[in-house]
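Sequence plus the predicted model coming up.
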Amino acid sequence: MSSRGGWGRATGNVRSFVGNCMGGLRGGTSVASWIVAGSIAYYLWVKPSHDLRREQQERVALEKSRDQS
């Protein structure tokens, strides 16, 4: 067995493993799926958390301004 064939097979195996870990999708379909999943995660978890934190900070700032008056 030549070293070139062995490296090619190893590279193919690694690429297959990574592809399977990412849901078995390849190419543009995989990228599109990750974009959709990321967008959904952002709107379900990240954005509400940021909004809540911002509202709490605004509430604290409003209470401080009332206390100073």
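The structure has been received and is ready for your questions. Treat the numbers as computed from the prediction; the structure is a model and nothing was measured.

Please report the distance of residue 52 from residue 16.
For residue 52, the distance to residue 16 (C-beta to C-beta, to the nearest Å) stands at 42 Å. Every residue, glycine included, has its C-beta placed from N, CA and C.

Which helix or which strand is home to residue 61?
helix 47-68 (DSSP states H and E).

Where does pLDDT dip in the chain?
1-5, 18-20, 22-27 (pLDDT under 70).

before we move on, the earlier item: buried stuff in the helix holding residue 61?
When neighbours are counted by 16 or more other C-beta atoms under 10 Å, no buried residue of helix 47-68 is found.

Which strands or helices does that helix pack on?
Using 3 or more C-beta pairs under 8 Å, 6 or more residues apart in numbering; DSSP states H and E, no helix or strand is in contact with helix 47-68.

Return the distance of that helix from the chain's centre.
Its chain's C-alpha centre and that of helix 47-68 lie 27 Å apart, by C-alpha atoms, centre = their mean, to the nearest Å.

cool, and stretch 53-69?
33 Å.

Can I get that stretch as CSV, trimmed to CA atoms?
C-alpha atoms of stretch 53-69 as CSV (Å, rounded to 0.1, in the frame of the first residue of the first chain):
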residue,chain,number,x,y,z
ARG,A,53,-31.0,42.0,31.2
ARG,A,54,-31.6,45.3,29.5
GLU,A,55,-35.0,45.7,31.1
GLN,A,56,-33.5,45.0,34.5
GLN,A,57,-30.8,47.5,34.0
GLU,A,58,-33.3,50.1,32.9
ARG,A,59,-35.4,49.4,35.9
VAL,A,60,-32.4,49.8,38.3
ALA,A,61,-31.4,53.1,36.5
LEU,A,62,-35.0,54.4,36.9
GLU,A,63,-35.1,53.5,40.6
LYS,A,64,-31.7,55.3,41.1
SER,A,65,-32.9,58.4,39.4
ARG,A,66,-36.1,58.4,41.5
ASP,A,67,-34.0,58.1,44.7
GLN,A,68,-31.8,61.0,43.7
SER,A,69,-34.7,63.3,43.1
